[in-house]
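Colleague: sequence unknown, structure follows:
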């Protein structure tokens, strides 16, 4: 039996303006923001505005919009950080590694020989997040 969407999750609160976020990009269907517990420099997230728990219940049009924004962000982070590549990750349900139950896609710039940091729950310094967000926004504006 499917688990219902819980609108008290952190991303729903960000979308409603109840919690702050380092916004990178927004359109009618999606919102992109910095991950405050990054696994690498420039780690960001793309979320749909429509309520969806994960890939198992998202509407196809909403998923398509998320993927279009994910591609936009992937190109921007590679440009902003002169990255050698990019990792795109998406997790579904607790057994699949999902922690926040609102669909979200991780976009992480990658560099040859540099491993991802473990997911420790350690928050990045606000000034680092703000500086990285500015670099990504500038790359988006230039594209």
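Modeller: Looks like it came in fine. What you are looking at is a predicted structure, and each value in this text was computed from that prediction instead of being measured. Numbers count the residues shown, from 1 in each chain.
Colleague: does the residue most central in space within the chain have beta-bridge partners, and which?
Modeller: A centroid search over the chain (Cα atoms, centre = their mean) returns residue 45, at 0.5 Å, as the residue closest to the centre. Counting by DSSP bridges, residue 45 is bridged to residue 33, residue 106.
Colleague: can you tell me which residues contact it?
Modeller: Residue 45 makes contact with 32-35, 104-107, according to Cβ atoms under 8 Å, 6 or more residues apart in numbering. (Each C-beta comes from the backbone N, C-alpha and C, glycine too.)
Colleague: List just the nearest of those to residue 97.
Modeller: Within the contacts of residue 45, the smallest distance to residue 97 is 10.5 Å, found for residue 106 (Cβ to Cβ).
Colleague: which helices and strands does the longest helix seen in the chain pack with?
Modeller: Counting residues, the longest helix in the chain under DSSP state H turns out to be helix 60-81. Where contact means 3 or more Cβ pairs under 8 Å, 6 or more residues apart in numbering; DSSP states H and E, helix 60-81 is packed against strand 23-26, strand 30-34, strand 44-48, strand 85-89, strand 105-110, helix 126-142.
Colleague: Using a markdown table, lay out these together with mean pLDDT.
Modeller: Listed next are these as a markdown table, based on pLDDT from 0 to 100:
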| stretch | mean pLDDT |
| --- | --- |
| strand 23-26 | 98 |
| strand 30-34 | 98 |
| strand 44-48 | 98 |
| strand 85-89 | 98 |
| strand 105-110 | 98 |
| helix 126-142 | 98 |
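Colleague: can you list the weak-confidence ranges in this structure?
Modeller: Applying pLDDT under 70 to the chain flags the ranges 1.
Colleague: rewinding a little: would you check how far apart the residue nearest to the centre of the chain and residue 108 are?
Modeller: Distance, residue 45 to residue 108, by Cβ to Cβ, to the nearest Å: 10 Å.
Colleague: Next: residue 141.
Modeller: Going from residue 141 to residue 108 by Cβ to Cβ gives 21 Å.
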